[in-house]
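Visitor: sequence and predicted structure below; questions after.
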Amino acid sequence: MVPSDYSIGDLARHTGIKVATIRYYETVGLMPPPPRTEGNQRRYGKGALDRLNFIAHARAFGFSMEAVRHLLTIAAHPEQPCEDIDALVAERLVEVEMKISGLTRLRDELSDLLHTHDGGVVRECRIIEALSDHSACPPGHKHHGLTAELATVGK
């Protein structure tokens, strides 16, 4: 295929990214608007394919859209030092470590909850009781804090 002759469907097939997502990336400015044919069809070159792969890979690492935008800006200036990239990666690493810590606490609490359960029928179920009444939870359980913390990590 000629390097400047990718349709949006071709780009989607080559990258595994949905057409709607590619359009969204154009709308939010992560992908520059492509040239169009006389029939108003988008046409992309190899640079667009490479950029889209970069975006997809950064998103797979969990970088936010704003962080991806910043990474793209930094990548456009290859002569600059890497300290800004290092800072973004370090920030993402802290987010991941916080999430792992929160998930570890959640796992421990679920395990404690499961071990308080001794079978039987639902009306006698300690798990249902604990979910309905916080005071029936195993010792050390945090009420809403854990869920709220996990919901915000990585955003």
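Guide: Arrived safely. Numbering: from 1, shown residues only.

Visitor: and residue 11, how many neighbours?
Guide: If you count neighbours by other CB atoms under 10 Å, residue 11 ends up with 21. Every C-beta, even on glycine, is put in place using the N, C-alpha and C of the backbone.

Visitor: from residue 99, how far out is the closest residue to residue 63 other than its chain neighbours?
Guide: Take residue 63 and drop its neighbours on the chain: the residue closest to it by CB to CB, 6 or more residues apart in numbering is residue 92, 6.0 Å away. Distance, residue 92 to residue 99, by CB to CB, to the nearest Å: 11 Å.

Visitor: isn't the residue nearest to residue 63 right up against residue 62?
Guide: Yes. Between residue 92 and residue 62 there is a contact at 6.2 Å, judged by CB atoms under 8 Å.

Visitor: other SSEs contacting the helix or strand that contains residue 26?
Guide: If you go by DSSP states H and E, residue 26 is part of helix 19-27. Packing partners of helix 19-27 (3 or more CB pairs under 8 Å, 6 or more residues apart in numbering; DSSP states H and E): helix 8-15, helix 46-60.

Visitor: again, only this time at 10 Å
Guide: helix 8-15, helix 46-60, helix 65-75 (3 or more CB pairs under 10 Å, 6 or more residues apart in numbering; DSSP states H and E).
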